[in-house]
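Visitor: what follows is a predicted protein model with its sequence.
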Number of protein chains: 2
Amino acid sequence: MTRKSPMTLSGEAPHPCGHCAFYQDSVWQPVEQSGVSTLARSFSRRELDEGEVLFEQGAESGGVYCVSRGLIALRSYQSDGKSTLLKLAYPGEIIGFRSFLDDGPHRTEARALVASRVCIVARRDAKRVVRANPSVLARLASRCIAEIDRSHERIIASATLSNKVRLTEILLQLARHHGARLEGYVEMKLPLSRPDLADLIGVQPETLSRLVKRLEREGEFLFSGRRVKIAETVFDEDGGFGPPIAKRA
Amino acid sequence: MTRKSPMTLSGEAPHPCGHCAFYQDSVWQPVEQSGVSTLARSFSRRELDEGEVLFEQGAESGGVYCVSRGLIALRSYQSDGKSTLLKLAYPGEIIGFRSFLDDGPHRTEARALVASRVCIVARRDAKRVVRANPSVLARLASRCIAEIDRSHERIIASATLSNKVRLTEILLQLARHHGARLEGYVEMKLPLSRPDLADLIGVQPETLSRLVKRLEREGEFLFSGRRVKIAETVFDEDGGFGPPIAKRA
DNA sequence: CGAGACTTTGACGGGCATCAACACACGTGG
DNA sequence: CCACGTGTGTTGATGCCCGTCAAAGTCTCG
């Protein structure tokens, strides 16, 4: 295809992730000269429209996917038609590694919730690079650990917290990524539909609607379609994980 | 079954896992001569009484633990005093790898539910062996994947199934490990206290008691303290997850 | 036998699922 | 311009399930 890599004048192939904002933490960062050409050969980008599917549940692994822009939802469909939103992947996160590492089919579907860009290293060469460079495998392993931690947190949260509290926490977390700080409150446009949001906390859409109304009645949230305003007080008192939100007031 | 002998020729140290029933799948199996002596040097076993703690939540990693006999519970304690049973580790399973891989403190407590034996490779030398032998890291990664899969299954189950159904599934799964087949039914002694069992499905002990009564009233379960009888019909019709089951397409 | 821990039962209130009907925005086509 | 269908989100009514508190029952081990 087209090789639109940023050229270094030294004559050697540049690292395909070299210009990426997440380069330092990239799983491919430890790859040195000998591996870079392999990496570059199988490296590609893909632009996804809102709602577009990156890979289907049950499909074979296409390699290692790294979210570069946007937001990808990982969802599991069951035989009875129900589905569960398992994870939201933000830029810098790796997805599809489960299937890549165990050579099995994807167990989740990956779909863009907003227009997104994903960087892909195709399977064959990704395997080759991983074999040649164990520290890449170590980095993949630490992504696995992060995924385990997140899953455990979710299991604990769903066992100990009320749905209302879980909803507030998820909203605050979303606001940290999508929110803009205005005077006195934080505003954001939800990247999720109501059914998806309901899935995320594990309730029916009707119940979600009622939870939303309860939050509004308590005064610190205000909803209007996908727009949400959150009182700054609630937002700041939240312990907070994840990266800080961009300030563009 | 091609079982290659772990025995070595004259003078060489034998592989410490060589005689283990799980040797073929051991994460240390790929270690060859040069690494075996390192491995053997830091290898130890530990016998645990029922209720004894293997490692505490918050403690530094002691290395890689492999369950050899018995049953270990991994439990997370929260600041508010609540706890959640996250995992039951059966013989052949690796525990403590999360802390080992990311060099952080344990996020869970490991406690023996029944008298157990655990094989330990101390951290320093375990790190050394992993560095020298990438395929050990690959095996650890696949244990991570298994843990991710299990966590996802649990998240999905708690989002889609009723507590009664989840309890039945957990009982059937336990019966697959602890049950003895008698005429017309399967009998087992639960390795868990009622509060632990309640934790496992995420309800209060009182609710568990009522669920148990409902199962008994429906006729296919019979409880007496920690003894449980399960009708063979229910036991057999269960598609089930857990070790000895093969997946369909 | 008796004390303490564990387990069950009862009563009560609230949260959630389910089914059904309604409100609303957005598009197309008459 | 309006009628109309569709997809999406909301509201209402009802019944079940679960958490909580309190009390009674049961088991176990000294």
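Guide: It's in. This structure is a prediction, so every number in the text was calculated from the model and none was measured.
Visitor: isn't A:Ala138 up against B:Leu137?
Guide: Yes. In terms of C-beta atoms under 8 Å, A:Ala138 counts as a neighbour of B:Leu137; the distance is 6.5 Å. Just so you know, the C-beta spots here come from the backbone N, C-alpha and C atoms, and that holds for glycine as well.
Visitor: and the one residue sitting closest to the centre of chain A, its phi and psi?
Guide: The centroid of chain A falls nearest to A:Ala89 when counting by C-alpha atoms, centre = their mean (0.6 Å). Per-residue torsions, A:Ala89: phi -110, psi 120 (degrees, to the nearest 10).
Visitor: tell me the bridge partners for it.
Guide: Counting by DSSP bridges, A:Ala89 forms beta bridges with A:Ile72.
Visitor: so for it, what's the pLDDT?
Guide: pLDDT, A:Ala89: 97.
Visitor: same question for the one 3 residues further on.
Guide: Reading off the confidence values, A:Gly92 has pLDDT 96.
Visitor: same question, A:Cys17
Guide: 88.
Visitor: which of the three states applies to it?
Guide: Here A:Cys17 is coil, with the state taken from DSSP: H, G, I helix; E, B strand; the rest coil.
Visitor: how close does the closest residue to A:Gln204 other than its chain neighbours get to A:Tyr90?
Guide: Excluding the flanking residues, the one nearest A:Gln204 by C-beta to C-beta, 6 or more residues apart in numbering or on different chains is A:Ala198, at 6.2 Å. With distances taken as C-beta to C-beta, to the nearest Å, A:Ala198 is found 21 Å from A:Tyr90.
Visitor: the two: which is more packed in?
Guide: In this view A:Ala198 and A:Tyr90 are compared by other C-beta atoms under 10 Å in any protein chain shown, and A:Ala198 has more residues nearby, 21 against 16.
Visitor: please, which helix or strand holds the more buried one?
Guide: Using DSSP states H and E, A:Ala198 maps to helix A:194-201.
Visitor: and the contacts of that helix?
Guide: Helix A:194-201 is contacted from outside by A:73, A:75, A:83-85, A:88, A:113, A:163, A:166-167, A:170, A:190, A:192, A:204-205, A:207-209, B:159, using C-beta atoms under 8 Å, 6 or more residues apart in numbering or on different chains.
Visitor: ok, now with 6 Å
Guide: With C-beta atoms under 6 Å, 6 or more residues apart in numbering or on different chains as the test, helix A:194-201 has contacts from A:84-85, A:163, A:166-167, A:205, A:208.
Visitor: what about it, average pLDDT?
Guide: Here the average pLDDT along helix A:194-201 is 94.
Visitor: that helix near DNA strand C anywhere?
Guide: No. Helix A:194-201 stays clear of DNA strand C (C-beta under 7 Å from any atom of the strand), getting no nearer than 7.8 Å.
Visitor: and after that helix, which helix or strand comes next?
Guide: That would be, after helix A:194-201 and using DSSP H and E, helix A:205-217.
Visitor: the inter-axis angle of that following helix versus helix A:194-201?
Guide: With axes from the mean of the first three to the mean of the last three C-alpha atoms, to 10 degrees defining the directions, helix A:205-217 sits at 90 degrees from helix A:194-201.
Visitor: which of the residues in helix A:205-217 are buried?
Guide: The neighbour-count check on helix A:205-217 (16 or more other C-beta atoms under 10 Å in any protein chain shown) flags A:208, A:211-212, A:215 as buried.
Visitor: what subset of those residues is also close to DNA strand C?
Guide: Within these, those near DNA strand C by C-beta under 7 Å from any atom of the strand are A:Leu211.
Visitor: neighbours of A:Gly58, how many?
Guide: For A:Gly58, the neighbour count with other C-beta under 10 Å is 12.
Visitor: now swap in the one 4 residues further on and tell me
Guide: Residues contacting A:Gly62 under the criterion other C-beta under 10 Å number 19.
Visitor: same check, this time on A:Arg226
Guide: For A:Arg226, using other C-beta under 10 Å, the count is 13.
Visitor: now do the closest residue to it other than its chain neighbours against A:Val228, distance only.
Guide: Nearest non-adjacent residue to A:Arg226, counting by C-beta to C-beta, 6+ apart: A:Leu190, 4.4 Å away. Going from A:Leu190 to A:Val228 by C-beta to C-beta gives 6 Å.
Visitor: each with direction, which strands does the helix or strand hosting A:Ala110 pair with?
Guide: Per DSSP H and E, A:Ala110 falls inside strand A:109-112. Strand A:109-112 has its sheet partners listed here by DSSP bridges as strand A:53-55 (antiparallel), strand A:72-77 (antiparallel).
Visitor: where are the low-confidence patches of chain A?
Guide: Within chain A, the stretches with pLDDT under 70 are A:1-12, A:238-249.
Visitor: now the helices for chain A?
Guide: Using DSSP state H, the helices found in chain A span residues A:33-41, A:97-102, A:123-132, A:134-160, A:163-178, A:194-201, A:205-217, A:232-237.
Visitor: between these, which gets nearest to B:Gly58?
Guide: B:Gly58 lies closest to helix A:134-160 among those, at 14.7 Å (C-beta to C-beta).
Visitor: buried set for that closest one?
Guide: Applying a neighbour-count criterion of 16+ other C-beta under 10 Å, the buried positions in helix A:134-160 are A:134-145, A:147-148, A:151-152, A:154-156, A:158-160.
Visitor: check whether it contacts chain B.
Guide: Yes. Residues of helix A:134-160 contacting chain B under C-beta under 6 Å from any C-beta of the partner chain: A:134, A:137, A:141-142, A:144-145, A:147-148, A:151-152, A:154-156, A:158-160.
Visitor: domains in chain A, by residue range?
Guide: As given by automatic domain parsing, the domain ranges for chain A are A:23-158, A:161-237.
Visitor: hmm, back to that, and A:Leu190 and A:Val228? Which one has more around it.
Guide: Neighbours per residue (other C-beta under 10 Å) separate A:Leu190 from A:Val228, with A:Val228 holding more: 23 against 18.
Visitor: interface residues of chain A facing DNA strand D?
Guide: Counting by C-beta under 7 Å from any atom of the strand, chain A sits next to DNA strand D at A:193-195, A:205-206, A:208-210, A:212-213, A:223, A:225-226.
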